[in-house]
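> Quick check, what structure comes out for this input:
(one chain, ligands or ions: 2)
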Amino acid sequence: MAAPGDLSGAEVVVEHVSRSFGARVTALEDVSLRVAPGEFALLTGPSGAGKSTLLNCIAGFDRPDGGRVTIAGADVAALEEPARFRREVVGFVFQLHHLIAGLTAEENVEVPLIPDVRRRTDRLARARAALAQVGLAERATHLPAELSGGERQRVALARAIVRHPRLLLADEPTGALDSAAGEEVLGLLGRLAREHGITVLLVSHDPGAERHVDRVIELLDGRIVRDAPLSRAPGPGAGA
Ligand SMILES: Nc1ncnc2c1ncn2[C@@H]1O[C@H](COP(=O)(O)OP(=O)(O)OP(=O)(O)O)[C@@H](O)[C@H]1O
Ligand SMILES: [Mg+2]
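Ligands and ions are numbered 1, 2, ... in the order given. Sure thing, here's the model as predicted:
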């Protein structure tokens, strides 16, 4: 695992990716894009446009019918140990936090470390550091039921970053939050890209999301119809 400080964002290259479901649904049609290391990109578009399908193909949760996805130079479909690659390189956040109800915030964040970090005290120290990064140091021993919706989503974000991923994939992470809590999560994602150089690919309908990102990619009917870089320069850790 990368240590804090030697993070560098992973480049994501999507080349001519297509994905159909049965004969009638073409969810993605010849989609190509490149997300630079450390870039914070927003994937937007109406319901059914193919956003989640694209994110799932990038994550390796789903397999394109055609085309290729490369993360940090590795062909996602040809990995020998895909689960290990995902564990070590990619972090995920979803619309619902998927926290384990019977575990405290720090125990939830500890879970992804169990396979590799033997000592519990080390795991908990790292979990608390990740919680501090999302502003929740004081809530470490609270159960999910004792947290607000925004706080729960921030715990999910801490869990996604505790292994120092080089790529963070977030599918509607603010979809279940009010606008203030959503703003906070978007701001945190921006900081991860700017201050830690993590590449962030965010799927969102949130009208406030555009203000936080470097670039907006819009999908419609499985095709890219807009790809607009915004003015913010990529943060440290961004490659050429
Ligand atoms: N497993 C599946 N089986 C059949 N069709 C699917 C499957 N997954 C997605 N689809 C279809 O593919 C299209 C794209 O779906 P996708 O979930 O990627 O949309 P989306 O842009 O994420 O929408 P939303 O904003 O509502 O989440 C839709 O028409 C959807 O019905
Ligand atoms: Mg979706």
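> what does this structure have sitting close to ligand 1?
Contact residues (CB under 6 Å from any ligand atom) of the chain with ligand 1: 21, 25, 27, 45, 47, 48, 49, 50, 51, 52, 53. Placement of C-beta: from N, CA and C, glycine included.
> Spatially nearest residue to the first one, not counting backbone neighbours?
Okay, so that is residue 21. Leaving aside its chain neighbours, residue 21 sits nearest to residue 27 (6.0 Å; criterion: CB to CB, 6 or more residues apart in numbering).
> Can you mark which positions in the helix or strand harbouring that neighbour are buried?
Taking DSSP states H and E as the criterion, residue 27 maps to strand 25-35. With burial defined by 16 or more other CB atoms under 10 Å, the residues of strand 25-35 counted as buried are 26, 27, 28, 29, 31, 33, 35.
> Can you spell out which residues form a bridge with the residue positioned nearest the centre of the chain?
For the chain, the residue nearest the mean C-alpha position is residue 169 (2.0 Å; CA atoms, centre = their mean). Per DSSP bridges, the residues bridged to residue 169 are residue 92, residue 201.
> got a list of what it touches?
Contacts here follow CB atoms under 8 Å, 6 or more residues apart in numbering; on that basis residue 169 touches 55, 58, 59, 90, 91, 92, 93, 201.
> redo that, cut-off 7 Å
By CB atoms under 7 Å, 6 or more residues apart in numbering, the contact set of residue 169 is 55, 58, 59, 90, 92, 201.
> Of these, just say which sits nearest to ligand 1.
Of all those, ligand 1 sits closest to residue 55, with 7.7 Å by CB to the nearest ligand atom.
> ok, back up a step: OK, contacts around the residue nearest to residue 21?
Taking CB under 7 Å, 6+ apart, one finds 19, 20, 21, 50, 53, 222 in contact with residue 27.
> For this structure, name the helix or strand with the lowest mean pLDDT.
helix 82-89 (a mean of 88; mean pLDDT, DSSP states H and E).
> follow-up on the earlier one: let's have the contacts of residue 27 in a markdown table, adding neighbour count.
Compiled in a markdown table, those are given as follows (neighbours: other CB atoms under 10 Å):
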| residue | neighbour count |
| --- | --- |
| 19 | 22 |
| 20 | 16 |
| 21 | 10 |
| 50 | 25 |
| 53 | 23 |
| 222 | 23 |
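> Ramachandran angles for residue 128?
Taking degrees, to the nearest 10, you get phi -70, psi -40 for the backbone angles of residue 128.
> circling back: so what's the residue nearest to the centre of the chain scoring on pLDDT?
Residue 169 is assigned 96 on the pLDDT scale.
> next one: residue 5
So, for residue 5, pLDDT stands at 43.
> pLDDT weak spots in this structure?
For the chain, applying pLDDT under 70 flags the ranges 1-7, 231-240.
> Which residue ranges of it form helices?
Secondary structure of the chain by DSSP state H: the helices cover 51-59, 82-89, 105-110, 120-133, 149-161, 179-196.
> And the shortest one, what's buried?
Just to be clear, that refers to helix 105-110. Buried, per 16+ other CB under 10 Å, within helix 105-110: 105, 106, 107, 108, 109, 110.
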